[in-house]
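Engineer: Return atomic coordinates for the entry below.
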Amino acid sequence: MKKLLVLLGALSLTASASAGVVACSPKEANKNDASASKVLVAKMMSEYSKALFLSQHGTTKSKVHVSSTDIFNEVIGNFKIADMNLQDAAPTSTDKTYFKQLVAEKIDTQNLISEAKISGEAYTAGVISLKPKSNETLDTIISQVPKILTLLASPQSATQAIQLIGGDDISQLVSPDTLKQLAPSLDATNLAKLATAFSADVYAGLTYSQAIDSSIIGLANAMNLLTNNNSDKEFAYATSADIDTNIEAAVTSLAKNIHSLIKGETKIKFDINKDIPAVAEIIRFIRTLLVYLNTFSSEEITGSILSVDTVQKHKAAQFDITKNQFDVNKLFQSLSFMANNEDGVTVFKNIINILLSSKGSINAFGDHSKSKNDWGYTSILTKLTEQLAGQSKFEAAGFPVYVDSIIRIILNKGVGQTNIIAPMIFGALPKQKDKFPDFLKDLITKIDIKNGEEWQIFQNDWLDYLWENDNKVLNFTIKDMLKQPISDLTSKFSKPEVGFEKVTNSELTPLTNQSFQTIVTDIANDLSGKPAIINFDAFKDFITACQKDEVLASALNNPEKFFTTVGYDKDHQEIIKGSALEKLVNITSNSKWINSVINIFQKYIAAETEKLAAVKSDVIADLQKISVTTVETGNNIYSYSVTDGNVTSLYKIKLGLLKGKYVINSIDF
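Structural biologist: Residues are numbered from 1 along each chain as shown. Model prediction:
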């Protein structure tokens, strides 16, 4: 009996072993693996169908449509397999395995729907991303600039910072290769152009009006360079004679380039190795504008409506090279007044007056800019309008009427200057509207809709009308627009992109979700009573010091001796007087106000982050209410019926392979 039992035991062991060998044969094992893989992929698509459902119908509480790929990757992907009851489909998983770990083995999550064909009733009005793409430059500014300003707040703190990172070598902060790549573009010639961009000396002996025209010529040169249109053509502006000779051709060239950009016929193409001169001219244009604005006091801007004559006196004055600066605080206090005060229209009109009014009487039957040598910022607007209209003049009652002069008369009328021709022009505009660009034609049509009654109100004070009116046909006032989120304004004046999974938020959303009123008020309140002056001479002095003896070029090419090259005395552990480093610290020590502005933006970012976190919580809660029934699986086609108890949707998903991983080829809603 014992022998029999032993024999039976031996036979059973042999049979078991044989059975094991049969089950694990290569062919059978591959078949089982493939079957298990299909089951797992089917489970993954089942989870994705939940994301599709929630993206299509929106969250219950926050009422927003979230990107289905974000729900799949950022929410469901962070669930543990154990909590999803998927252990049977993934027998190798543990209690600590996350769903996204399994997904990564089978699915290309980055390109999951990038080539998917969509049919049926998909949601196409835009979704939000739970993890919007970041902008590296913006992130760097927000995170690093406050640190840099703190480190360079004084010669003492700058010295301590240099000692902390090793005393000389900048390689710990910036890649040596990056520095060496910058060296050729920041040679002596380009540094000289950058220094000129900040220098007041270029305007010695000129009026503010001539300085403005000079900067416009420079901007035209920059646009030629950046668009590669007439890039070999450079308009001179060194003297008043050069300005008089070249301003018309330059502003015409500038308007043509802007027009081409608007139409999409050309693009900005920036090459750091050759376009530093263009950057310098853009800086000079902005700096000239800011210095000119700074000639007006807060009392002038906010007190009462300025006369055109007062503005023209500012323009006709000699450029004061001792006041090459801009008061940031004054700007934001004025803008805050405009956005919040009942007399905000005063600031609105004064800004238009300061930037766009024209001198003297204007004759519509002559080209004002030529006859009066009155160009300025208005000429950019008038020349661009000519480009958009396709003509510089048109016939009216047998006379040639110039677009340039008409626009100047209308602008001057808006800021309070009377002109006997103005009523005739306003009376003729509705009849001549087809000769103007579409946006002006639409504006005229909407205001003139009431058989001329509304048009008469508009004609009496058109800037006041645009600021505040009760015309429901026009459907906007500038006063109200200042209180609306910037994102709402852009959608009013441009058609939003539509399509499946079209993400509507970005790294700028924290800013665009705010109104102009909120932004300027927050900054004005934070800067109130604080010095916030941009001294452009300080920038010129810094660049000049970098240019001297090729200091910057030497420092960029020798990063291991960077700080001693730019002005750090390693032996005495101090900054050398008159050095480039001292000039830089002089700038940063007077730029603490920038931290205030960045802190406000960080507050907006924190609010947006909190908002997205709340949406994510809503998504998680809603996912718990959704159930899925499998309708079909096979041949890489997966159909699911998805419901939350109130609504049921059917999704048919077809998969394909991309570099060995699954992606979605099509979704039928």
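Engineer: so how far is Gln517 from the spatially most central residue of the chain?
Structural biologist: Nearest residue to the geometric centre of the chain (C-alpha atoms, centre = their mean): Leu508, 6.1 Å. According to C-beta to C-beta, to the nearest Å, Leu508 and Gln517 sit 18 Å apart. (Each C-beta comes from the backbone N, C-alpha and C, glycine too.)
Engineer: cool, Thr295 as well?
Structural biologist: 26 Å.
Engineer: same thing with Val39?
Structural biologist: Noted for Val39: a distance of 57 Å to Gln517, by C-beta to C-beta.
Engineer: So those two - more neighbours on which side?
Structural biologist: With neighbours defined as other C-beta atoms under 10 Å, Val39 and Gln517 compare such that Gln517 has more, 19 against 15.
Engineer: I'd assumed Pro485 was in contact with the more buried one.
Structural biologist: No - when contacts are counted by C-beta atoms under 8 Å, Gln517 is not listed as touching Pro485 (10.2 Å).
Engineer: In this structure Lys652 contacts Val642, no?
Structural biologist: No - taking C-beta under 8 Å as the definition, Lys652 is not a contact partner of Val642, at 11.7 Å.
Engineer: Are we agreed that Tyr651 is in a helix?
Structural biologist: No - read with DSSP: H, G, I helix; E, B strand; the rest coil, Tyr651 is strand and lies in no helix.
Engineer: Please name the bridge partners of it.
Structural biologist: The partner list for Tyr651 in beta bridges (DSSP bridges) reads Tyr640.
Engineer: Show the model's pLDDT score for it.
Structural biologist: Looking at Tyr651, its pLDDT reads 97.
Engineer: Quick check: Ala44 touching Leu102?
Structural biologist: Actually, residue 44 is Met rather than Ala. Yes - shown here, Met44 and Leu102 form a contact pair, counting by C-beta under 8 Å, at 7.4 Å.
Engineer: Would you mind listing where the chain has pLDDT under the threshold?
Structural biologist: 1-36, 135-137, 167, 229-231, 397, 450-451, 493-494, 496 (pLDDT under 70).
Engineer: ranges for the strands of the protein?
Structural biologist: 117-119, 325-327, 393-396, 399-402, 533-535, 568-569, 574-575, 627-634, 637-643, 648-658, 661-668 (DSSP state E).
Engineer: Make a markdown table out of those and add distance to Asn586.
Structural biologist: Shown next, in a markdown table, are those (distance: least, C-beta to C-beta, whole Å):
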| stretch | distance to Asn586 |
| --- | --- |
| strand 117-119 | 58 |
| strand 325-327 | 14 |
| strand 393-396 | 52 |
| strand 399-402 | 49 |
| strand 533-535 | 9 |
| strand 568-569 | 15 |
| strand 574-575 | 10 |
| strand 627-634 | 65 |
| strand 637-643 | 64 |
| strand 648-658 | 55 |
| strand 661-668 | 56 |
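Engineer: one step back: compare Lys652 and Val642 and say which one has the larger neighbour count.
Structural biologist: Val642 (22 against 17).
Engineer: any idea how far Asp139 is from the residue nearest to the more buried one when sequence neighbours are not counted?
Structural biologist: Among residues not flanking Val642 along the chain, Phe53 sits closest, at 4.3 Å (C-beta to C-beta, 6 or more residues apart in numbering). Going from Phe53 to Asp139 by C-beta to C-beta gives 33 Å.
Engineer: For the two, indicate the residue with more neighbours.
Structural biologist: For Phe53 versus Asp139, neighbours defined as other C-beta under 10 Å are more numerous around Phe53 (24 against 12).
Engineer: can you pull the contacts of Pro510?
Structural biologist: Listed by C-beta atoms under 8 Å, 6 or more residues apart in numbering, the contact partners of Pro510 are Phe601, Tyr604, Ile605, Ala607, Glu608.
Engineer: Is the third one in contact with Ile142, as I believe?
Structural biologist: Yes - distance between Ile605 and Ile142: 7.3 Å, which falls inside the contact criterion (C-beta under 8 Å).
Engineer: Pull the number of nearby residues for Glu395.
Structural biologist: Considering only other C-beta under 10 Å, Glu395 is surrounded by 10 other residues.
Engineer: right, I mislabeled it, should have said Lys117
Structural biologist: The burial count for Lys117: 12, using other C-beta under 10 Å.
Engineer: what about Lys96, distance to His368?
Structural biologist: According to C-beta to C-beta, Lys96 stands 77 Å off from His368.
Engineer: Mind checking which of the two has more residues around it?
Structural biologist: Per other C-beta under 10 Å, whichever of Lys96 and His368 has more neighbours is His368, with 26 against 9.
Engineer: Give the closest residue to that one in space, chain neighbours not counted.
Structural biologist: His368's closest residue in space is Ser405 (C-beta to C-beta, 6+ apart), at 4.4 Å.
Engineer: got a list of what the one you found touches?
Structural biologist: Ile362, Asn363, Ala364, Phe365, Gly366, Asp367, His368.
Engineer: I'd assumed Ile421 was in contact with the second one.
Structural biologist: Yes - with contact defined as C-beta under 8 Å, Asn363 reaches Ile421; the gap is 7.4 Å.
Engineer: still on that earlier bit, make JSON lines from the contacts of Pro510 and add neighbour count and distance to Ala538 to it.
Structural biologist: Converted to JSON lines, these look like this (neighbours: other C-beta atoms under 10 Å; distance: C-beta to C-beta, whole Å):
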{"residue": "Phe601", "neighbour count": "18", "distance to Ala538": "24"}
{"residue": "Tyr604", "neighbour count": "18", "distance to Ala538": "29"}
{"residue": "Ile605", "neighbour count": "17", "distance to Ala538": "30"}
{"residue": "Ala607", "neighbour count": "13", "distance to Ala538": "34"}
{"residue": "Glu608", "neighbour count": "19", "distance to Ala538": "35"}
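Engineer: doesn't Ile576 make contact with Thr545?
Structural biologist: To be clear, residue 545 is Ala; Thr isn't right here. No - contact criterion C-beta under 8 Å: Ala545 and Ile576 do not qualify, at 10.4 Å.
Engineer: okay, and the common contacts of the two?
Structural biologist: Applying C-beta under 8 Å, 6+ apart, one finds that Ala545 and Ile576 are jointly contacted by Gly567, Glu582.
Engineer: ok, back up a step: and of the strands of the chain, who's closest to Gly376?
Structural biologist: strand 399-402 (16.4 Å; C-beta to C-beta).
Engineer: Show me what the closest one is packed up against.
Structural biologist: Helices and strands touching strand 399-402, as assessed by 3 or more C-beta pairs under 8 Å, 6 or more residues apart in numbering; DSSP states H and E, comprise strand 393-396.
Engineer: May I have the beta-bridge partners of Phe326?
Structural biologist: Beta-bridge partners for Phe326, by DSSP bridges, are Ile534.
Engineer: Count the residues that sit near Asn557.
Structural biologist: 17.
Engineer: actually Asp271, sorry about that
Structural biologist: When neighbours are defined as other C-beta under 10 Å, Asp271 has 12 of them.
Engineer: so Val39 sits right up against Leu86, yeah?
Structural biologist: No - look at Val39 against Leu86 with C-beta under 8 Å: they stay out of range, at 10.0 Å.
Engineer: List the residues that contact Glu234.
Structural biologist: With C-beta under 8 Å, 6+ apart, Glu234 has these contacts: Asn221, Asn224.
Engineer: The one 3 residues further on too?
Structural biologist: Tyr237 makes contact with Asp213, Ser214, Ile217, Gly218, Ile243, Asn246 under the criterion C-beta under 8 Å, 6+ apart.
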